[in-house]
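# Turn this into a structure:
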Amino acid sequence: MGPVRGYKKRRKIEKREETSEDGSVDWWDEFSKRIGVSNEGQGLLSSTKSMDKFESVFKISRKTFNYICALIKEDMMAKPGNFVFTNGRPMSLNDQVAVALRRLSSGDSLLTIGDAFGLNHSTVSQVTWRFVEVMEERALHHLQWPSTEPEITEITSKFEKIRGLPNCCGAIDTTHIMMCLASADSSNHVWLDRENNHSMILQAIVDPDMRFRDIVTGWPGKMKDSSVLQSSNFLKLCEKGQRLNGKKIELAEGSEISEYIIGDSGYPLLPWLVTPYQGKELSESKAEFNRRHFATRMVAQRALARLKEMWKVIQGVMWRPDKNRLPRIILVCCLLHNIVIDLEDEVQDEMPLSHHHDLGYRQQISEFVDNNASILRDKLSLYLSGRLPP
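Numbering: from 1, shown residues only. This is a model prediction of the structure:
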C-alpha cells in the first residue's frame, strides 16, 4: 500500500463555525472555556506565543484535528468507553481526542491533564490508551515504504538536491526513549544502556521531507545500532531483494549504483547502506563525500528531534512506563508526526528546526565493511568530486 500524500496544495482554512460530532456549534469554543485561563492567568491557554490558542494546546491545526477525529470516529464509537468528566458530563469524540493529543503532545502527568480537563487521572489514562489502540489500526497507511516508481523518483530527486547524492532513498538513525525504572528491580537491568540510563530504542528511516518510512522500536537502549538493524524486517527484505530493488543509476560508462539508504558510522557499510569514511587522514574526495553525506543524513536527525519536540510524552524521562505499551505509544507518535506532514499542517512551520535528539549519547562505531559496498562507495565519492572516469 502506498503512502497517503495528504493534500497536494495548501488550502486556506476557512473561518467558519465548526460543529462537533453531536451537532453542537463550535466544540472548541465551549471546550476552551472549561480549560481556559484561571488562577491569575495560569492555564493551558495562558501562553500562546505566535500560534493560536487551539494550536498552542494540541500542537496541530484544527484541520488536522478534524482529520484525526474523522479517521478514528467509527472505531471509537463502535466500542464507547462511557467516559465522563468529574461533573458527570459524558465525553464526546472530540473531547477524547483532545485529551489524548494533549497527553501525548505535552508529556504532562495524568494528574496534571486530569486537573486541567476536569477528569480523573484514570480516565485520562484509559482515553489515551483507547486512542492509541485505534490509531494503530486506522493510521498505519501514513507510515509506509514507497511502493511506486514515481514515489521513489520523487524521494531520490529531493535527496539529490540536498548535496548531490544520487539514487538515495532514505536516511537511517536511532534515538533513545528514556525511562525511569526502579534500580532495585533486577528485571530492569536489561534496559540499562551504555550511558547508564534506562531506555528503549527507536530506529527510523526517513525521507527528505522528514517523514518516517520505516521504524523499529521496543528493543533495550543498550543494543547497538547495527544490532537493531540486524534484527529488523527492513534488513531481511533488503537481503531478499524486496527493498531498495528499483532501477539503477549510471554514474559513468560501466559504473552504476543501486538504490540505497545512508547512515552514520554506527551502521555497517553494506551494498544498500552507505556510511561515511572513517579516520582523520582522508583524501579530499573522501572528505568531501563525508561532508555531503553528513548534510544529507541530517534530515533523519531533524525528524527525530521534531518528533520528540512535538510529542513530548517520549521526549523526557517516562515514569515507570508499561514496557509492553510503550512501543505502541512511540508508533502512534510517529504516525501523528507523519500525519502533520501529509496534511501539510502549517503548525510544523512554527516548530524550531533542531537536530539534537539524543544528547549525552556518544557516537557508535561499526567496523563491518562489505568489500563490494566499499568499491561502490569509492565510485560514488569520485563521482561527487568529478573525478570518476567517464
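
# Tell me how far the helix or strand residue 304 falls within lies from the chain's centre.
Using DSSP states H and E, residue 304 maps to helix 284-310. From the chain centre to the centre of helix 284-310 is a distance of 15 Å (CA atoms, centre = their mean, to the nearest Å).

# The next helix or strand after it pairs with which strands, parallel or anti?
As assigned by DSSP H and E, the chain's next helix or strand after helix 284-310 is strand 317-319. Strand pairing for strand 317-319, determined by DSSP bridges: strand 168-180 (parallel).

# quick one: average confidence on the partner strand?
Average pLDDT, strand 168-180: 95.

# tell me the angle it makes with helix 284-310.
Calculated by axes from the mean of the first three to the mean of the last three CA atoms, to 10 degrees, strand 168-180 forms an angle of 50 degrees with helix 284-310.

# Output the contacting helices and strands for the next helix or strand after strand 168-180.
Sequence order places strand 198-206 as the next helix or strand after strand 168-180, per DSSP H and E. If you count contacts as 3 or more CB pairs under 8 Å, 6 or more residues apart in numbering; DSSP states H and E, strand 198-206 packs onto strand 168-180, strand 212-220, helix 225-230, helix 284-310, helix 326-342. C-beta: built from backbone N, CA, C; applies to glycine.

# Give the buried residues for the helix holding residue 304.
Within helix 284-310, the residues scored as buried using 16 or more other CB atoms under 10 Å are 285-290, 292-293, 296-310.

# Tell me what angle that helix forms with strand 212-220.
80 degrees.

# what's helix 284-310 packed up against?
helix 149-163, strand 168-180, strand 198-206, strand 260-262, helix 326-342, helix 371-384.

# Note down every partner strand of the shortest one and its orientation.
Pointing back at strand 260-262 there. Sheet partners by DSSP bridges: for strand 260-262, these are strand 168-180 (parallel), strand 273-274 (parallel).

# List the buried residues in the helix or strand bottoming out on mean pLDDT in the chain.
When the helices and strands of the chain are scored by mean pLDDT, DSSP states H and E, strand 317-319 comes last with a mean of 79. By 16+ other CB under 10 Å, the buried positions in strand 317-319 come out as residue 318.

# Please apply the same query to stretch 63-70.
Quick answer for stretch 63-70 (16+ other CB under 10 Å): 63, 64, 65, 66, 67, 68, 69.

# quick one: low-confidence parts of the stretch 101-250 of the chain?
Residues of the stretch 101-250 of the chain meeting the criterion pLDDT under 70: none.

# if I pick residue 291, what's in contact with it?
In this structure, residue 291 makes contact with residue 163, judged by CB atoms under 8 Å, 6 or more residues apart in numbering.

# And it, what's its pLDDT?
What the model reports for residue 291 is a pLDDT of 96.

# Over to the one 5 residues further on?
The predicted local distance difference test score for residue 296 is 97.

# distance of it from residue 263?
11 Å (CB to CB, to the nearest Å).

# re earlier: any chance of the strands paired with strand 260-262 in TSV, with mean neighbour count and distance to residue 281 too?
Output for those, formatted as TSV (neighbours: other CB atoms under 10 Å; distance: least, CB to CB, whole Å):
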stretch	mean neighbour count	distance to residue 281
strand 168-180	24	26
strand 273-274	23	21
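
# Of the ones you listed, which is nearest residue 234?
Nearest of the strands paired with strand 260-262 to residue 234, taken as CB to CB: strand 168-180 at 8.7 Å.

# how about the CA coordinates for the closest one, as PDB?
C-alpha atoms of strand 168-180 as PDB (Å, rounded to 0.1, in the frame of the first residue of the first chain):
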ATOM      1  CA  CYS A 168      19.400   7.800  -2.200                       C
ATOM      2  CA  CYS A 169      16.100   6.500  -0.800                       C
ATOM      3  CA  GLY A 170      16.400   7.300   2.900                       C
ATOM      4  CA  ALA A 171      18.400   8.200   5.900                       C
ATOM      5  CA  ILE A 172      18.500   6.000   9.000                       C
ATOM      6  CA  ASP A 173      19.200   6.900  12.600                       C
ATOM      7  CA  THR A 174      18.300   5.800  16.100                       C
ATOM      8  CA  THR A 175      17.200   7.700  19.300                       C
ATOM      9  CA  HIS A 176      16.700   6.700  22.900                       C
ATOM     10  CA  ILE A 177      13.400   6.900  24.700                       C
ATOM     11  CA  MET A 178      14.300   7.500  28.400                       C
ATOM     12  CA  MET A 179      12.500   5.600  31.200                       C
ATOM     13  CA  CYS A 180      12.600   6.000  35.000                       C
END
